[in-house]
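*Asks:* Structure for the following, please:
(chains A, B and C)
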Amino acid sequence: MRYLWRRAAHAVLLLFAVSVFSFALVELAPGDYFDEMRLNPQISRDTVADLRARYGLDRPLPARYALWLRSVARGELGYSFAYASPVGPLLWPRALHTLALTGSATLLAWLLAIAIGVQSAARQGEWPDRLWGALTSGFLATPDLLVALGLLLVALRTGAFPTGGMVSPGFGELSAFGKLRDLAAHAVLPVAALVVGMLPVLVRQVRASMLAALASPFARAARAHGIPRRRLLYRHALRAAAPPLLSLVGFSLGSLLSGALVVEAVMSWPGLGPLLIEAILARDVYVVVGAVMASTLFLLAGNLVADLLLYAADPRIRREGLS
Amino acid sequence: MTNERRFAAAAWALVAIHVAVLGAGFLAPYAPTSQERRLPFAPPTRLRFVDDQGRLQLRPFVYALVAQEGSFGAYREDRSRAFPVRFFTPGASYRIAGLVPARIHLLGVDEPARLFLLGSDGLGRDQLSRFLHGGGVSLFAGLLAASLSLGIGMALGTVAGFYGRWVDAAVMRAAELFLALPWLYLLCAVRAFLPLDLSPGLAFAVVVAVIGLVDWARPARLVRGVALVARERDFVLAARGFGASDLYLIRRHVAPQAFGVLVTQAAVLVPQYVLAEVTLSFLGLGVSEPLPSWGNMLAALRQYPVMASYWWMWLPGLALVPVFFAYHALADALRSRSRVLA
Amino acid sequence: MVEAERVLEVRDLTVAYAIGGEPAPAAVDGVSFDLAAGQVLGVAGASGSGKTTLVLALAGLLPGAARVLGGRVRFRGRELLELPESALQPLRGAELAMVFQEPGLALNPVLPVGEQVAEVVRAHRGWDEARCREQAVASMSRVGLHERLYAAFPHELSHGQRQRVTIAQAVCCEPVLLVADEPTSGLDSTTRAEILALLAELRDRLGLALLLVSHDLGTLAAHADRLLVLYDGRVVEAGRVREVFEQPRHSHTRELLSAIPRPGARRGHGVRQPRPPEVVRASGLFKRYLRRGGPGGTVEVRALDGVDLALAAAATLAIVGESGSGKSTLARCLAGLEAPDRGEIVLEGGSQLIFQDSATALNPRLRAVEIVEEPLVILRRGSGRERRRRALELFERVGLSGDFAARRPLELSGGQRQRLAIARALAVEPRLLILDEALTGLDVSSQAQILDLLRELQAAHALACLLISHDLGVVAAVADEVAVLHQGRIVERGPVAGVLAAPQHDETRALVAAIPAPPA
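*Replies:* Below is the predicted model:
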């Protein structure tokens, strides 16, 4: 258990390091955002003065960083020049939307991957395994971008799904159930795109891990003791195959979030991705830093959850504590 | 298919693709930037072998496209004149390998007809030409970025794994920092802080540099792992017992193991870097117009009418599938090979 | 006398492995034998003789590449080879049980051991959870495991305890036949004795028919009624234990018999020079490690706690002790690969270390001859051709045929690899050769070959040998002097014959008691 607390503390430290890193990047950037902003006619002099005080716009880097940290503590995370509002209130709804998307995609993808992977491993070499193998290879070679565009085309042509966005106009007037249905209808395609993106890698991993478990001496010993096939697969082999899979969850999270960025951008799902892109194009510095920090937070938190699951699944870790 | 055959097939396919895009200047009928404003979104030109009188022609020919009166965006063929396809015909100038100027193109037709074998885009630019040139940009962006990241990764990983202690700790902490962000977010963030308005050539260099420099951590970790294991292996200890120097040990026992790992890693990373370039360009953060890249060509699809009506605009995206497939097959074959030897 | 039920009848069983479509020589070739209830049949043979293939074939657990080419296996009147998997599954564990060689690997690492026993009960009895658990606990206590170990995981148990768990799994449904494949190899001598005693007790109590497979004829002899000797897949000797030992008919049997390390019987005797020069002297060696884990965060491990020793040329000193006693650390310090925290080592000439695991001690990518050449390459001795010739000479010296020169380590057997490692070590002409458990994991014949080799080298080059082992049988066959290491200290030391005959320290007594003794 102590091990997990250590990992959590480590993650917090890393988050700080990333924030420093981002600020350092801002410093290295040629051109001066803050000058630009001062020249922007849309922003009044008073606002500029106020911003300067709050965020130390023309003070050296360490001072600016310190003021930014304070604004993080206030929940503001800096100021968005494009939206003329603190970053915080902009960020959280978007982060929530991304979480909803990636969370449901992950759940669905793992359930499917286990179902397919276990059966593929159990029937190694037979036609279902070969079929899944071919499909997996095919989809592995298809980038998220293409899948997202393709699904969007399907939506356009068939009209069966909304083409992008998260809610329909007039969302506010719907009943609670109606709202849920609307959200779900809009989520189908983005989630499908992410699942299709994740599935090939996950299926391969589950299959490989299961094959290793089935080939190990304890599986043969279980067979020798007369344990029936089905129970051997799910109760014995899958349990033993789980720890290596959970170790891999961390790696897949990064690509999941990256994939989500693309899917959100293509399908206009109002998540962190489109926010980041807009902010980059508009040179909205604090929003960029905020979005990057949020995505890092998700990645680190996801890794911690995976560690927790691993701790629960593998008794060997509980005894030694990983170094 | 046996492993050796799979490896060979994948390797040859990739070689063919890369040779084709390198020869884009010659193979493409037009320069990638030349526009024909009268023929936006023209469908692929039909090559004909049978003329109006039903006679078979040995040399394929085309009809010129004319905008159809009355309807917007539709074309009809002007059958009044047949334009034979010319081979090895002079056309827009280009440079072989960026150095030697030349003018001969594989295919072409006389003006005012256009040989749009893969259709045209919104500005009337030949998609086949842009596809070939853009392919070169995207594929080589991937390769160059991979060389950069693998080079840095190899150097830092070997040093970290072999010398250990504080060197290892420093390198690994830095790697952790770079790996703490989701990759695409990290790329965008680094790209964000560089100027957005760059000339196409500079933009290309920037994209390659960003992708290559940012992702050194993954290969470095792998190489470090190899170096650590190799360092502890008894045969290294035994050699040390004979008085071998660090450099000898690295050269003889560590580097060969690392190299094998890196080659496999290259086959995995290059397609990812190609995709990174495509994605960045698609989002407007990569290679800028008018230099084509498969990414910025796909950006046209962001408009629904284009996506739904003009199927030939999808080709840059669809072409990624066989390229990735070949790279994956290569990576699989390399992985199997290294398992046998290890 | 009532005929005990004939539990197993095997006739002309032939199994071969098809590798890449090429027909291979049969792994098991026309093997026939019977086994009745309450009997113990020992199956002996060197590694590669077909023992494990035979065992797997009986229960229908052969890997995909193996094909049964002919023969019958009749178990309680039923033809096992003709039964489909669905009919075999209820038999396995309930009537025909198996115990495998590596106990640590035969248990699922993520499930508690008690549950793994209960799973077997559940598979055959179909009872509810509580009743299955009861039965599992009963089975565990029958093999000497306390109920509180039910929730333990395999990695929390000792080697011996793990093997007991697998035996508990095998006997929990009271089978009629128990097949044990090398149930004790890899275990240290004390545990080995305990496990064998357990099997004998179960045989008496349950009336089990026991098929005991091992490469160690000594062990079999002490526990079996009848013996079967396999060589190259065929049965070359069969009969009652006493008969086989007193009148072996086949040359291979004789080889196996003579290979049994016997305390008190020395093999070969050279004329010793008076007062040979000292090759190494170590005094006051002290080394400790800090390891993570334990309640305080770190735990201090005293690997060496004040060790003195001296060794003369052409002499062999054996260091024995259980795992964790500090033997490896001592070896590495004497070989110069590690420095002790305190103490002094004086070495005349070079020393070389031969490691336990030859597979990792040799670079798998290099060819055998390159491996042997490597020291000469590093030290830049001689031209390329001279190095090659010297390497091949060393091959000869260690008894490896020149054909092996082009092979890679993983293509060689364990014994061949160790000889390769010795050849490499000899390339620099050391005065002291340290063997750190280098014979562990080798079958008896390979061990004997290496021991002979060492003796020859000693006689020819006055090489001093430091043999580190937990196996007193091996020690007894080759060492002049033995020192017993326990928790970093030498607790007993003296000439081998004397120490083994009259051990003074408890630790030594335990080690000696665990040597399996062949009949008279």
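*Asks:* what's downstream of the helix or strand of chain B with the lowest mean pLDDT, the next helix or strand?
*Replies:* Least confident helix or strand, chain B: helix B:234-241 with a mean of 69, by mean pLDDT, DSSP states H and E. Later in the chain than helix B:234-241, the nearest helix or strand by DSSP states H and E is helix B:246-249.
*Asks:* And that following helix, what does it pack against?
*Replies:* helix B:234-241 (3 or more C-beta pairs under 8 Å, 6 or more residues apart in numbering or on different chains; DSSP states H and E). Glycine gets a C-beta too; all of them are placed from N, C-alpha and C.
*Asks:* residues touching the residue in the stretch 401-520 of chain C positioned nearest to chain B, list them.
*Replies:* Using C-beta to the nearest C-beta, the closest approach of the stretch 401-520 of chain C to chain B is made by residue C:428 at 6.5 Å. Taking C-beta atoms under 8 Å, 6 or more residues apart in numbering or on different chains, we find residue C:428 in contact with B:242, C:350, C:352, C:375, C:376, C:379.
*Asks:* chain center to the helix or strand harbouring the third one: distance?
*Replies:* Think residue C:352. If you go by DSSP H and E, residue C:352 is part of strand C:351-354. Its chain's C-alpha centre and that of strand C:351-354 lie 22 Å apart, by C-alpha atoms, centre = their mean, to the nearest Å.
*Asks:* With stretch A:251-267 instead?
*Replies:* 6 Å.
*Asks:* quick one: buried residues of it?
*Replies:* For stretch A:251-267, burial by neighbour count (16 or more other C-beta atoms under 10 Å in any protein chain shown) applies to A:252-267.
*Asks:* Put the alpha carbons of that stretch into CSV.
*Replies:* Output of stretch A:251-267 as CSV, limited to C-alpha atoms (Å, rounded to 0.1, in the frame of the first residue of the first chain):
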residue,chain,number,x,y,z
PHE,A,251,1.2,2.4,-22.2
SER,A,252,-2.1,2.3,-24.0
LEU,A,253,-3.5,5.3,-22.1
GLY,A,254,-1.1,7.7,-23.8
SER,A,255,-2.2,6.6,-27.3
LEU,A,256,-5.8,6.6,-26.2
LEU,A,257,-5.6,10.2,-25.3
SER,A,258,-3.7,11.1,-28.4
GLY,A,259,-6.3,9.3,-30.5
ALA,A,260,-9.1,11.1,-28.6
LEU,A,261,-7.5,14.4,-29.6
VAL,A,262,-7.8,13.5,-33.3
VAL,A,263,-11.3,12.0,-32.9
GLU,A,264,-12.6,15.0,-31.0
ALA,A,265,-11.1,17.4,-33.6
VAL,A,266,-12.6,15.6,-36.5
MET,A,267,-16.0,14.9,-35.0
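*Asks:* pLDDT (mean, whole number) over it?
*Replies:* In this model, stretch A:251-267 has a mean pLDDT of 91.
*Asks:* what does stretch B:222-230 give?
*Replies:* 78.
*Asks:* Kindly report the same for stretch A:290-301.
*Replies:* 92.
*Asks:* got it, and stretch C:148-159?
*Replies:* Stretch C:148-159 comes out at a mean pLDDT of 84.
*Asks:* do the same with stretch B:18-34
*Replies:* Mean per-residue pLDDT for stretch B:18-34: 89.
*Asks:* Tell me the span between the first and last residue of it.
*Replies:* Distance across stretch B:18-34, first residue to last, is 23 Å (C-alpha to C-alpha, to the nearest Å).
*Asks:* Which stretches in the stretch 1-150 of chain B count as helices?
*Replies:* B:3-22, B:24-27, B:127-163 (DSSP state H, counting those that start in this stretch).
*Asks:* I'd like those helices laid out as a markdown table, including mean neighbour count and distance to chain C.
*Replies:* Formatted as a markdown table, the helices of the stretch 1-150 of chain B follow (neighbours: other C-beta atoms under 10 Å in any protein chain shown; distance: least, C-beta to the nearest C-beta, whole Å):
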| stretch | mean neighbour count | distance to chain C |
| --- | --- | --- |
| helix B:3-22 | 15 | 13 |
| helix B:24-27 | 20 | 41 |
| helix B:127-163 | 23 | 16 |
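*Asks:* Output the ones you listed in TSV; the columns should cover distance to chain A.
*Replies:* As requested, these are exported to TSV (distance: least, C-beta to the nearest C-beta, whole Å):
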stretch	distance to chain A
helix B:3-22	11
helix B:24-27	22
helix B:127-163	12
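*Asks:* Nearest spatial neighbour of residue C:479, chain-adjacent residues omitted?
*Replies:* Nearest in space to residue C:479, with sequence neighbours left out and distances taken as C-beta to C-beta, 6 or more residues apart in numbering or on different chains, is residue C:318 at 3.7 Å.
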